[in-house]
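Undergrad: From the sequence below, what's the structure:
(chains A and B)
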Amino acid sequence: MRQLRIDLATCDEGRKTCAHECESACAEKVFKLGDPARAALHIRETADGKGVAYLCDQCGDCVVVCPAEALKRNKLGVVMLDKSLCVGCYICIGFCEKEVFERNPEWVTPYKCTSCGICVKACPHAALEIVDVPEPAYRIL
Amino acid sequence: MIQVVFDPSKVMDIDITKRTEYHAELDAARASRKVLKEVAFTPSLPDKGYTNRTLHVDVGSLAVAEKPVTQQMKDIFIGGRGFGLWYLWQAVTPQTRWNDPENEIVISSGPVGGITQYAGTGKSLVVTLSPQTEIPIDSNVGGYFGPLLKFSGFDALELQGKAERDLILFIDGQKGLIRFEELPDAPVDSHVLGEVLTRLYAENEADLVNISVVSTGAAADHSLIGMLNFSWFDKRRGCVRFKQAGRGGIGTVFRDKRLRALVCRGPQVKGDLNHPADFETLAKIGVKYHKEIRENDPHQCMMRRNGTAHIVEIMDAYDLLPVHNFQYGSHPETHKIDSAYWQSRCAQQTVDGCWYGCSMACAKGADGLVLKTGPYQGHMVTVDGPEYENAAGLGSNCGVFDPDDLLELNFYCDTYGICTITWGTVCAFIMECYQRGILNLERTGGLDLSWGNAKADLEMMHQMARGEGFGRIAGLGVKRMKALFIANGWGDPQLINDIGMENKGLEYSQYLSKESLAQQGGYALTNKGPQHDEAWLIFMDMVNKQLPTFEDKAEALYYFPLFRTWFGLNGFCKLPWNDVVPKGNAQQPEPHKIPEHVQNYVDLFSATTGVKIDKEELINQSARVYNFQRVFNIRMGKGLRQHDAAPYRSLGPVTEEEYLSRQERYDGQLRTELSLDPDAMTLQEKMAAHRQWRTGRFEKLMDVVYARRGWTRDGVPTYARLKELGIDFPEVLEVVRPLLGDPA
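TA: Predicted coordinates for the structure are as follows:
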């Protein structure tokens, strides 16, 4: 399955000069929004300047807990939300351990990273990449 | 925090999509379909939780009328059970009996009902005059019907009158049609009928989730203990599932009206169909709660794994599990039906909420059961549950410890349309009568109803469904069986009355209350009868030890019946309130109330309706409805102190063997509570001393609780209390005046 990954050491070094282009690109190109806070990935910093990345690894826990079967893996193994089936219950958000299932207060349906790779292209330091990894085992939650 | 992940190897390898299918029954039903009448209506969505419309249907004349939901109704009665009681009050007179056409079945969800962001928000509240208690019964049931009805355009549905032939009422909230139909060749029992009707009325596969069916089964035709199944379509299993409006015989009233089923087809559910005043707050509270479930449930009640059956072993360990008609509180074979077993027997790889957004997901399902008896012998079925009440009632209380027997009993109760809790207590009473010679083979028509004889238990149920034999007697319920056995001279009247576990005509639910004064009151000092949903205090009292003093227990019997009433006004389930608690709850003031969750409910109500309330107003909202219901009971000739009396089995040891089985405890209580020397007393003297002490303590509890509730010593709400609550309507005062005298 396609999975977004980050090299945090590269990101930490590059962040000294960058403007979180990954988040801006995601918000602008995927969601057509100017606010990077609305991106589907987030790079935050701890007090000592170390980066913390909030990236969806397509683990599929949200697929397991969705009561409407609105979340399914596509052919590439990426977990996709079918908005027409979503009932806006947000169990997917509450059960996401990585805290990367997102909600825009303007929208009823939540959103998530689809491993599209726009952020990879936008990163000036090549800290992000899309890799192909095996799907993890189904977890009963 | 890393979550505890369940080990799939612990679950039985059963294909959750496999079961007997009923294609021929669907074809037969479709072929026999006849439309009697069709009426158009304008579908509408709620605004701030209310559609402001009620649908009144006379199933006798097939007349359909809309009524406005008034601001006064919303202010005083809120919704759900409150609306049900208000409409029922207007429909009946003190002379109306349960099987008069005037009696209504009212179904209403409540303003918050149907939101999808918080756990336990899809409930329907059902109210009618009960054939068992002859006063209003209210039942809080899951499944999709209430929310889909509201999203079709109606806050409440009133069903009145009696049809001449079996009738299907179809409410199509997508097309704006109400149709009366006959399906003479439709099946009768719920597990087939629900499946057939869901597929008959859905327009395609995607539409299946938009259908909810309310139905009962064959036993509701021949008993007073019929219940209603409320369905939803389980996408992953590919089948219809049910939750039950169980208590008090609502299914019997349904069949007396010749209703075969209600079918609602609602619009596709979305997260904001309730059009709440403040969606953002609902979203934030919901996400916070889902996280709490994810983090805490695996270390607390494990509701997602076990559902309510998680307490079977806890009740057994604390001597509170009903065994052999509430004689004892534990049994060496309980391990065969405890949560460790159900965890492996119930499917774990699926989503088990009975409404969208329920992250607690307690509605477990046991798939792949091949039936051994009855009309569906050999069929493979999915059984809903079993919940704690079913494991305790159908299991330990009757001495049944074979889980497959228990599942089969559970299944047939459900599909025949009878309440599992009621049947558990009915059968336990019958088995004790059999043990004590009040019943015998001749009197039961050849049924050997010894403890644990599941085969005979099932045969009695099949008889009831066929309207035959001793099964018909069982279907009368404990109160009427007691009178019958006494009238027949089959046993000592006092013994029969002591061991017949009913109050107001309703059977006790499945907790042994002998050592819990709070639960004794929680059962007997209720509006509708001894169902734990009004005051489930036994865990708080006996396990968590949060009500140590007499005053604590009495106060709990003021607060919790009101707090828990509120769930039923709004379309909430009670379980998400206290079957998970926030970290740090124990350090909060009044931890037994779970203050953070109370605040969640205050905020959910305010955010949905736009009416700002606080936790005190929450209690006031309930108190209006609760006291109105008490007056309603009085109006129907009940509702006084005498009707709150408890059978002695619920208060203390009735028989010598019960006393001797816990002699150390009982002797100890004689020393510490009564300053008596048990060594100098005969067994009979000790039992008499206990009886006097325990009944006296219960009477004192009644005095204190009534006073705290603002009632007279006879249990009548005072003028001052009715005025304070704003329910001093002329018709209410007219009911209490003969008991209170003219106001000062």
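Undergrad: and residue B:520, how far is that from residue B:312?
TA: Taking Cβ to Cβ, to the nearest Å as the measure, residue B:520 and residue B:312 are separated by 22 Å. From N, CA and C alone the C-beta is placed, and that goes for glycine too.
Undergrad: name the helices or strands packed onto the longest helix along chain A?
TA: Looking across chain A with DSSP state H, the single longest helix is helix A:8-14. Counting contacts by 3 or more Cβ pairs under 8 Å, 6 or more residues apart in numbering or on different chains; DSSP states H and E, helix A:8-14 packs against strand A:51-54.
Undergrad: And the next helix or strand past the strand it packs on?
TA: helix A:61-65 (DSSP states H and E).
Undergrad: close to chain B, is that next one?
TA: Yes. Residues of helix A:61-65 contacting chain B under Cβ under 8 Å from any Cβ of the partner chain: A:64-65.
Undergrad: What are the buried residues along the helix or strand following that helix?
TA: Using DSSP H and E, the helix or strand that follows helix A:61-65 towards the C-terminus is strand A:71-73. Neighbour counts over strand A:71-73 (16 or more other Cβ atoms under 10 Å in any protein chain shown) mark residue A:71 as buried.
Undergrad: Give me every residue in the stretch 51-200 of chain B that's in contact range of chain A.
TA: The stretch 51-200 of chain B comes close to chain A at residues B:116-117, as judged by Cβ under 8 Å from any Cβ.
Undergrad: Any chance you could list what contacts the host helix or strand of residue B:521?
TA: For residue B:521, the host element (DSSP H and E) is helix B:517-524. By Cβ atoms under 8 Å, 6 or more residues apart in numbering or on different chains, the surrounding residues in contact with helix B:517-524 are B:503, B:508-509, B:511, B:513, B:530, B:532, B:534-538, B:540-542, B:547, B:550, B:552-554, B:556-557, B:560-561, B:644-646, B:650-651, B:697-698, B:701-702, B:705.
Undergrad: Of those residues, which belong to strands?
TA: Among these, DSSP state E puts residue B:503 in strands.
Undergrad: Alpha carbons of the helix holding residue B:521, as PDB, please.
TA: What follows is helix B:517-524, C-alpha atoms only, in PDB (Å, rounded to 0.1, in the frame of the first residue of the first chain):
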ATOM      1  CA  LEU B 517     -31.500  -1.400  50.200                       C
ATOM      2  CA  ALA B 518     -30.900   1.200  47.500                       C
ATOM      3  CA  GLN B 519     -31.800  -1.300  44.800                       C
ATOM      4  CA  GLN B 520     -34.800  -2.500  46.700                       C
ATOM      5  CA  GLY B 521     -36.100   1.000  46.400                       C
ATOM      6  CA  GLY B 522     -34.700   1.300  42.900                       C
ATOM      7  CA  TYR B 523     -37.000  -1.500  41.900                       C
ATOM      8  CA  ALA B 524     -40.100  -1.000  44.000                       C
END
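Undergrad: Quick check: next helix or strand after that helix?
TA: helix B:538.
Undergrad: so how far is that next one from its chain's centroid?
TA: 17 Å (Cα atoms, centre = their mean, to the nearest Å).
Undergrad: Residue 140 bridge partners, please.
TA: I'll assume chain A. Beta-bridge pairing for residue A:140 (DSSP bridges): residue B:6.
Undergrad: meant chain B, my bad for not saying
TA: Beta-bridge partners recorded for residue B:140 (DSSP bridges): residue B:125.
Undergrad: does it really touch residue B:122, like I thought?
TA: No. Residue B:140 lies out of contact with residue B:122 (Cβ atoms under 8 Å); the separation is 10.9 Å.
Undergrad: Compare the two (neighbour count), which wins?
TA: More crowded of residue B:140 and residue B:122, by other Cβ atoms under 10 Å in any protein chain shown: residue B:122, with 32 against 25.
Undergrad: so is the closest residue to residue B:449 other than its chain neighbours in a helix, a strand, or just coil?
TA: Among residues not flanking residue B:449 along the chain, residue B:434 sits closest, at 4.3 Å (Cβ to Cβ, 6 or more residues apart in numbering or on different chains). What DSSP: H, G, I helix; E, B strand; the rest coil gives for residue B:434 is helix.
Undergrad: ok, residue B:434 - contacts?
TA: Contacts for residue B:434 were tallied using Cβ under 8 Å, 6+ apart; they are B:440, B:444, B:448-450.
Undergrad: what about 10 Å?
TA: Counting by Cβ atoms under 10 Å, 6 or more residues apart in numbering or on different chains, residue B:434 touches B:440-441, B:443-444, B:447-451, B:453, B:456.
Undergrad: Among the residues you listed, which are located in helices?
TA: Members of those lying in helices (criterion: DSSP H): residue B:456.
Undergrad: For the contacts of residue B:434, pick the one with the most neighbours.
TA: When neighbours are counted by other Cβ under 10 Å, residue B:449 leads these with 24 neighbours.
Undergrad: That one contacts residue B:435, doesn't it?
TA: Yes. In this structure, residue B:449 is within contact of residue B:435 by Cβ atoms under 10 Å, at 8.8 Å.
Undergrad: So residue B:80 sits against residue B:149, correct?
TA: No. Residue B:80 is beyond contact range of residue B:149, at 12.0 Å (criterion: Cβ under 10 Å).
Undergrad: how much space between the residue positioned nearest the centre of chain A and chain B?
TA: Computing the C-alpha centroid of chain A and ranking residues by Cα atoms, centre = their mean puts residue A:113 first, at 3.3 Å. For residue A:113, the distance to chain B (Cβ to the nearest Cβ, to the nearest Å) stands at 18 Å.
Undergrad: mind listing what that residue touches?
TA: Going by Cβ under 10 Å, 6+ apart, residue A:113 touches A:3-4, A:26, A:30, A:39-41, A:54-58, A:78-79, A:98, A:100-102, A:119.
Undergrad: Among these, which ones are in helices?
TA: Counting by DSSP H, the part of the contacts of residue A:113 found in helices is residue A:119.
Undergrad: tell me, which of the contacts of residue A:113 make contact with chain B?
TA: Among the contacts of residue A:113, proximity to chain B is found for residue A:101 (Cβ under 10 Å from any Cβ of the partner chain).
Undergrad: Narrow the contacts of residue A:113 to those that are buried.
TA: Neighbour counting over these (16+ other Cβ under 10 Å) leaves A:3-4, A:26, A:30, A:39-41, A:54-58, A:78-79, A:100-102, A:119 as the buried ones.
Undergrad: Let me see the contact set for residue 21.
TA: Picking chain A for this. Residue A:21 touches A:14, A:36, A:119, A:121-125, counting by Cβ under 10 Å, 6+ apart.
Undergrad: To clarify, I was referring to chain B.
TA: By Cβ under 10 Å, 6+ apart, the contact list for residue B:21 reads B:192, B:195, B:238-239, B:379-380.
Undergrad: Please apply the same query to residue B:256.
TA: Contact analysis of residue B:256 by Cβ under 10 Å, 6+ apart lists B:98-101, B:103, B:105, B:131, B:162-163, B:220-221, B:226, B:249.
Undergrad: Let's see which of the residues you listed end up in strands.
TA: Among the contacts of residue B:256, the residues falling in strands (DSSP E) are residue B:105.
Undergrad: Which residue ranges of the stretch 551-700 of chain B form helices?
TA: Per DSSP state H, counting those that start in this stretch, the stretch 551-700 of chain B carries helices over the ranges B:575-578, B:595-609, B:615-635, B:656-661, B:663-674, B:683-709.
Undergrad: Reformat these into CSV and put distance to chain A, mean pLDDT and mean neighbour count next to each item.
TA: Listed next are the helices of the stretch 551-700 of chain B as CSV, based on distance: least, Cβ to the nearest Cβ, whole Å; pLDDT from 0 to 100; neighbours: other Cβ atoms under 10 Å in any protein chain shown:
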stretch, distance to chain A, mean pLDDT, mean neighbour count
helix B:575-578, 13, 97, 20
helix B:595-609, 13, 98, 20
helix B:615-635, 24, 98, 21
helix B:656-661, 41, 98, 15
helix B:663-674, 42, 98, 14
helix B:683-709, 38, 98, 17
